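Engineer: predicted model and sequence below, questions to follow.
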Amino acid sequence: MTKPILILGGGPAGLAAAHSLATVGKKCVIVEKEDKLGGAPILSGYAKLVPTGEWAKDAIGGMVARVTDNAHVGIETGATVTSFDGNPGDFTAELSNGSKIEAEAAILCSGFTHFDSVNKPEWGFGTYEDVVTTTQVEQMISSGNGVRCPSDGRKPERVAILLCVGSRDRQIGREWCSKICCTVSSNLAMEIREELPDCHVYIYYMDIRTFGLYETKYYWRSQEEFKVKYIKARIAEVTSDGDKLIVKGEDTLVKRPITIPFDMVVHAIGMDPNVDNPTLAQTFGIDLEENGFVDVANRYGAMGETSRPGVFVAGAATGPETIDDSIAQGHGTAMAVLSSLKDFSKSA
Ligand SMILES: Cc1cc2nc3c(=O)[nH]c(=O)nc-3n(C[C@H](O)[C@H](O)[C@H](O)COP(=O)(O)OP(=O)(O)OC[C@H]3O[C@@H](n4cnc5c(N)ncnc54)[C@H](O)[C@@H]3O)c2cc1C
Ligand code: SF4
C-alpha cells in the first residue's frame, strides 16, 4: 500500500495541495500546529479578501470544508513535525503529539509570521493604544464591531495608514517588499470610508505597489470613488499631544516637513519569514534563502522543490505571497510531488 504525502501547515497553500492530491485519489495528512485549519486569513480574522471581496471566513472556510471529512485527507491539528528521516518514497515523520507518519514526500506549507510592530517603536505601536495594525483593523471589521479607537471605543474621524511597516526597511533587516500590503491597505481604506463616511483616511507611502490589475480596482478607485488621500512621505515618528496622535515626517514630493493629527494610526505590517523556519530547516534538512524564507531549489523544472529531494514547499513559506498565488503553488506543487513519485518508483 502506498504511503501518504505529509503536508505541513493548513493555510491556503496546504489546503490547496491537499485538495489536489485527494482529487486524484492520493492520500495525504495535514499537520497543523494551531487548533484549526485556514492559515493566516482564518487565524488572524481577515475581513474581505483582495481581490474578490469575499469574506475570508467564507472563501477560506470553503477550502477547509472541502478537505475536512475527505477520506483521502488525514488531519492532525495542534501538532508539528519533530523529526523527518528517510528517502523519497520512504520517509518517517515523528510528530510533537507522539504519533508517527510514514510518508512518500512532504510539502512545507508553513507560511509566514506577521511583522511585530513593536520592532518599529518610533511609530508608536505598543506606546499608544490607538496605534494598531492592519490585522487588528481586519478583525474589527470581520467581528462586526466596526472600526473603533481601542482607547475609548469612539469612531475615528481621522485615520492614517502607514505603509511598509516591517518591509523595505534596511534599518531593521527587512529589505523585501511584502507584495500585498499596498493593495490590502487601499482596500481597508475603502472599507473604513464605507462604514464611516465622515472619516478622513490618509495613506502614507514610499511607492504604491498595487501591482497588475489592482492599480485600477484599488489605487484609483480608492481615490476617485472613496476620496482616500495619498501622501508620499518619509515618516519620522508617531507621538501624541495628549488628545490626538501626531504623525510627523517629510512630504517627499514638496520636500517639506508635515505634522498631522489623527485619531487612529494603522501599521500596514509586512510578512516576515515564519519564526519556526530555523527549526524546520534543521528538522527537514533543507536550506533557507538569505532572508530566512524556505529556499526554492528549482524554479523552472519542477514546482516547489527544496534542497532536499522529496521535500517540497509552497505558498508564503517561500517569501511574501498573495493568497491566490499561494493556492496556485499548493496545487502546482501537489502535481510536482506526484510526478516525482513516478520518477522515484522508476529508478527504485
Ligand atoms: C494584514 C494582511 C492581510 C492580507 N490580506 C490578503 C488578501 O486580502 N488577499 C491576499 O491575496 N493575500 C492577503 N494577505 C497575504 C496572505 O495572508 C497570504 O498570502 C496567505 O496567508 C499565505 O498562505 P499560506 O498557506 O502560504 O500561509 P499561512 O496562511 O501563513 O498558513 C501557514 C499555516 O502553517 C501553520 N504552521 C506554521 N508553522 C508550522 C509548524 N512549524 N508546524 C505546523 N504548522 C505550522 C500555520 O499555523 C498556518 O496555519 C494578507 C497578509 C497580511 C499580512
Ligand atoms: S506592498 Fe506596498 S506596503 Fe507592502 S511592502 Fe510593498 S510597497 Fe510597502
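Structural biologist: Nice, I can see it. Ligands and ions are numbered 1, 2, ... in the order given.

Engineer: from now on I want contacts and neighbour counts done on CA atoms only, so please keep to that.
Structural biologist: OK.

Engineer: show me what contacts residue 128?
Structural biologist: When the contact criterion is C-alpha atoms under 8 Å, 6 or more residues apart in numbering, the partners of residue 128 are residue 240.

Engineer: give me phi/psi at it?
Structural biologist: When quoted as degrees, to the nearest 10, the phi and psi of residue 128 stand at phi -110, psi 130.

Engineer: just the pLDDT for residue 1.
Structural biologist: The confidence metric pLDDT takes the value 62 at residue 1.

Engineer: so does the strand ranked longest in the chain get close to ligand 2?
Structural biologist: Within the chain, and with DSSP state E defining each element, the longest strand by residue count is strand 229-240. No - contact between strand 229-240 and ligand 2 is absent, the nearest approach being 11.7 Å (criterion: C-alpha under 6 Å from any ligand atom).

Engineer: for that strand, which strands pair with it and how are they oriented?
Structural biologist: Strand 229-240 has its sheet partners listed here by DSSP bridges as strand 200-205 (parallel), strand 245-251 (antiparallel).

Engineer: let me see the mean pLDDT of the shortest one.
Structural biologist: What that stands for is strand 200-205. Averaged over strand 200-205, pLDDT sits at 98.

Engineer: wait, residue 162 touches residue 266, no?
Structural biologist: Yes - in this structure, residue 162 is within contact of residue 266 by C-alpha atoms under 8 Å, at 6.1 Å.

Engineer: so those two - more neighbours on which side?
Structural biologist: A direct count of neighbours by other C-alpha atoms under 10 Å for residue 162 and residue 266 places residue 162 higher, at 26 against 23.

Engineer: for the more buried one, what are its contacts?
Structural biologist: Listed by C-alpha under 8 Å, 6+ apart, the contact set of residue 162 reads 203, 204, 205, 265, 266, 267, 268.

Engineer: go again using 6 Å as the cut-off
Structural biologist: Neighbour list for residue 162: 204, 267, 268 [criterion: C-alpha atoms under 6 Å, 6 or more residues apart in numbering].

Engineer: quick revisit: residues of the longest strand of the chain that come out buried?
Structural biologist: 230, 231, 232, 233, 234, 235, 238, 239 (16 or more other C-alpha atoms under 10 Å).

Engineer: which residues sit against it?
Structural biologist: If you take C-alpha under 6 Å, 6+ apart as the criterion, strand 229-240 is touched by 122-124, 202-206, 245-252.

Engineer: got a PyMOL select line for the buried ones in these?
Structural biologist: The following PyMOL command selects only the buried members of these, with burial defined by 16+ other C-alpha under 10 Å:
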select buried, resi 123+124+202+203+204+205+245+246+247+248+249+250+251+252
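
Engineer: need the residues of the stretch 201-348 of the chain near ligand 1, please.
Structural biologist: Where proximity means C-alpha under 6 Å from any ligand atom, the interface of the stretch 201-348 of the chain facing ligand 1 comprises 269, 270, 271, 276, 315, 316, 317, 321, 322, 323, 324, 326.

Engineer: show me how to select, in PyMOL, the buried members of those.
Structural biologist: Only the buried members of these enter the following PyMOL selection, criterion being 16+ other C-alpha under 10 Å:
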select buried, resi 269+270+271+315+316+317+321+322+323+326
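
Engineer: among the residues of the stretch 201-348 of the chain next to ligand 1, which ones are in helices?
Structural biologist: Among those, the residues falling in helices (DSSP state H) are 323, 324, 326.

Engineer: residue 311: which of these is nearest?
Structural biologist: Sorting these by how near they are to residue 311, with C-alpha to C-alpha, puts residue 326 at the top with 17.1 Å.

Engineer: what's the spacing between that closest one and ligand 2?
Structural biologist: With distances defined as C-alpha to the nearest ligand atom, to the nearest Å, the gap from residue 326 to ligand 2 amounts to 16 Å.

Engineer: can you check the pLDDT for that residue?
Structural biologist: Per-residue confidence for residue 326 comes out at a pLDDT of 98.

Engineer: and the closest residue to residue 323 other than its chain neighbours, what pLDDT?
Structural biologist: In space, and not counting its chain neighbours, residue 323 is closest to residue 12: 6.5 Å by C-alpha to C-alpha, 6 or more residues apart in numbering. Looking at residue 12, its pLDDT reads 99.

Engineer: next, count neighbours for residue 12.
Structural biologist: What residue 12 shows, counting by other C-alpha under 10 Å, is a neighbour count of 34.

Engineer: number the residues from 2 up from this point.
Structural biologist: Sure thing, new numbering starts at 2, so read that last one as residue 13.

Engineer: now do the phi/psi pair for residue 101.
Structural biologist: In this entry, residue 101 is assigned phi and psi values of phi -120, psi 140 (degrees, to the nearest 10).

Engineer: beta partners of the residue lying closest to it once chain neighbours are set aside?
Structural biologist: Among residues not flanking residue 101 along the chain, residue 95 sits closest, at 4.6 Å (C-alpha to C-alpha, 6+ apart). With beta bridges defined as DSSP bridges, residue 95 has these partners: residue 84, residue 101.

Engineer: same deal with residue 299?
Structural biologist: Under the criterion DSSP bridges, residue 299 forms beta bridges with residue 306.

Engineer: then residue 74?
Structural biologist: Those that pair with residue 74 in a beta bridge, by DSSP bridges, are residue 29.

Engineer: hmm, it is touching residue 27, no?
Structural biologist: No - between residue 74 and residue 27 no contact is recorded; they are 8.7 Å apart, counting by C-alpha atoms under 6 Å.

Engineer: for residue 204, see how far away residue 55 is.
Structural biologist: As defined by C-alpha to C-alpha, to the nearest Å, residue 55 lies at a distance of 23 Å from residue 204.
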